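> could you look at this predicted model? Sequence included:
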Amino acid sequence: MENTSERRRRGRRRRRRRRRRRRRSGVGLKDEEKAKFLSIEIATAAAVVVVVVAAAAVVVVVVVVVVVVVVVVVVVVIE
């Protein structure tokens, strides 16, 4: 009986994983470091925007190609 109660006790004491809080941008930094940090953040945001726009462009191109292929196939089948 001792084993089961020990097991139960152990099961109840589950460890909760603490989420790591992201460090707020530029807290406790000097002005120069803060400027560098902000420029890095801006560059990161710009890179993300570029990647998203590029992905959207790829999607648009793929959709256009598919539509053209479907139209060509329909025209060929009708004729």
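Nice, thanks for sending it over.
> in this protein, which spans are strands?
Using DSSP state E, the chain contains no strands.
> now it, which segments are flagged as low pLDDT?
Within the chain, the stretches with pLDDT under 70 are 1-29.
> tell me where it has helices.
2-12, 31-78 (DSSP state H).
> pick the most deeply packed of those helices.
helix 31-78 (a mean of 10; mean count of other C-beta atoms under 10 Å). Bear in mind the C-beta positions are built from the backbone N, C-alpha and C, glycine included.
> quick one: list the elements packing against that helix.
With contacts defined as 3 or more C-beta pairs under 8 Å, 6 or more residues apart in numbering; DSSP states H and E, helix 31-78 has no helix or strand neighbours.
> mind starting the numbering at 34 from now?
I'll keep to 34 as the first residue from here, and by that count the last item is helix 64-111.
> quick one: residue 67 from residue 79, how far?
Computed as C-beta to C-beta, to the nearest Å, the residue 67 to residue 79 distance reads 19 Å.
> likewise residue 87?
Applying C-beta to C-beta to residue 87 and residue 79 gives a distance of 13 Å.
> again, but for residue 93
21 Å.
> residue 106 too?
With C-beta to C-beta as the criterion, residue 106 and residue 79 are 41 Å apart.
> residue 110 now?
In this view, residue 110 and residue 79 are 47 Å apart by C-beta to C-beta.
> kindly report the same for residue 109.
With C-beta to C-beta as the criterion, residue 109 and residue 79 are 45 Å apart.
> who touches stretch 94-112?
Stretch 94-112 is contacted from outside by no residue at all, using C-beta atoms under 8 Å, 6 or more residues apart in numbering.
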